[in-house]
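Chemist: Provide a 3D model corresponding to the input given below.
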Amino acid sequence: MKPRLLLPLLLSLGLWTPAQAMPNAESEAALQKAMDIAKDNQQRLEQLLEQEQEQQLQKPALAQAMQQITRNAQVYESQLHKASDAGHGVASYLLANLEENRKTLSGHDYQAQHNKACALYQSAADLGLLAAAVILLRDCETAYQRFELNDPELLRLRAQLLKALEQADSYAKHYPLPAINSFCFKPAQMPEIKQGQPLATLKSLYTPVLLNLEQFRADGYYLLALKSSPDGSAARDYFYKARALAADCLDPISLGSMLDAAEQKAPGL
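Modeler: Numbers count the residues shown, from 1 in each chain. I've put the predicted structure just below:
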């Protein structure tokens, strides 16, 4: 992959602290190796960003650094595949993030990449990763946009997320994890364009938000409130649970006000 196409993927990785507690030693070892490589690449990218900011980044040095970063990224993804194939939900989730970011890159089929990412998120959710169940309901269904709240797939994803929220996360010790988007914790805004600093501009566009388990739980309840009937008590209950977990939830669409208005219009009030 060309370095200019690789950079968005590298910047989207996010870093988290791996931990023990997974039953499969082979998958855990592969994941640990992947994260060691990601940490090395992160340090290399930070050095490039610093040199760019100080206007000391030379093209030969950039080319040399990107060659090593590219090699590292290939090994990183290979190790994630190894861990995912061995049944590690976090590895499947991180691969899904990579595939989701690839859909906007030149030479990739947008819908095919998105479908591939959603399949990986589903694999991770099946293994008990709450973060994956959150992303599936957020990004891997379209019925809500058509106001089809009784669509079978939407109902399945809602039920899957609710179940994940009500039980212990199999990968609790592996949080925080990177999220490409978040209703509660990542503002929807245009990337900051920095003249003469293309690396910094890409970082502004592709860097994910790192969420801990409680923050993913808050996002999950917010999504359930958003994608439930607004005139029902369930949506309000979900929203209140989201707020109880994260009083600082951004609520970008003013869902709280919408639910309050629906409640005031309800018969008998």
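Chemist: surely residue 162 meets residue 223?
Modeler: No: with contact defined as CB atoms under 8 Å, residue 162 does not reach residue 223; the gap is 10.3 Å. All C-beta spots, glycine's among them, are computed from the backbone N, C-alpha and C.
Chemist: quick one: contacts for residue 187?
Modeler: 250, 252 (CB atoms under 8 Å, 6 or more residues apart in numbering).
Chemist: Out of residue 162 and residue 223, name the residue with the larger neighbour count.
Modeler: When neighbours are counted by other CB atoms under 10 Å, residue 162 and residue 223 differ, and residue 223 comes out ahead with 24 against 17.
Chemist: Chain neighbours aside, what residue packs nearest to the more buried one?
Modeler: The spatial neighbour of residue 223 that comes closest, neighbours along the chain excluded (CB to CB, 6 or more residues apart in numbering), is residue 137 at 5.0 Å.
Chemist: State the number of residues packed around that neighbour.
Modeler: Each residue near residue 137 was counted by other CB under 10 Å, and the total is 26.
Chemist: pretty sure it is in a helix, no?
Modeler: Yes: assigned with DSSP: H, G, I helix; E, B strand; the rest coil, residue 137 falls within a helix.
Chemist: Near residue 261, how many other residues are there?
Modeler: Look at residue 261: counted by other CB under 10 Å, it has 11 neighbours.
Chemist: just checking, what packs against the helix or strand that contains residue 215?
Modeler: Residue 215 is part of helix 213-226, with elements assigned from DSSP states H and E. Based on contacts counted as 3 or more CB pairs under 8 Å, 6 or more residues apart in numbering; DSSP states H and E, the elements that helix 213-226 packs against are helix 130-139, helix 152-166, strand 177-179, helix 233-245, helix 255-265.
Chemist: Ok, which of the ones you listed comes nearest residue 33?
Modeler: Evaluated over these, closeness to residue 33 peaks at strand 177-179, with 17.9 Å, by CB to CB.
Chemist: quick one: that closest one to chain centroid distance?
Modeler: When distances are taken as CA atoms, centre = their mean, to the nearest Å, strand 177-179 is centred 5 Å away from the chain's centroid.
Chemist: next one: stretch 82-99
Modeler: For stretch 82-99, the distance from its own C-alpha centre to the chain's C-alpha centre is 13 Å (CA atoms, centre = their mean).
Chemist: now do stretch 163-183
Modeler: On the basis of CA atoms, centre = their mean, the separation between the geometric centre of stretch 163-183 and that of its chain is 10 Å.
Chemist: pLDDT (mean, whole number) over that stretch?
Modeler: The predicted model assigns stretch 163-183 a mean pLDDT of 95.
Chemist: go on, stretch 122-140?
Modeler: Per-residue scores along stretch 122-140 average to 97.
Chemist: ok, now stretch 52-61?
Modeler: For stretch 52-61, the per-residue pLDDT values average out at 87.
Chemist: How about residues contacting it?
Modeler: Counting by CB under 8 Å, 6+ apart, the neighbours of stretch 52-61 from elsewhere in the structure are 48, 51, 196-200.
Chemist: and what of stretch 116-132?
Modeler: For stretch 116-132, the surrounding residues in contact (CB under 8 Å, 6+ apart) are 84, 87-90, 92-93, 95-97, 99-100, 103, 133, 135-136, 139-140, 160, 164-165, 167, 169-171, 175, 177, 179, 211, 213, 216-217, 220.
Chemist: chain center to it: distance?
Modeler: Mean C-alpha position of stretch 116-132 versus that of the full chain (CA atoms, centre = their mean) differs by 11 Å.
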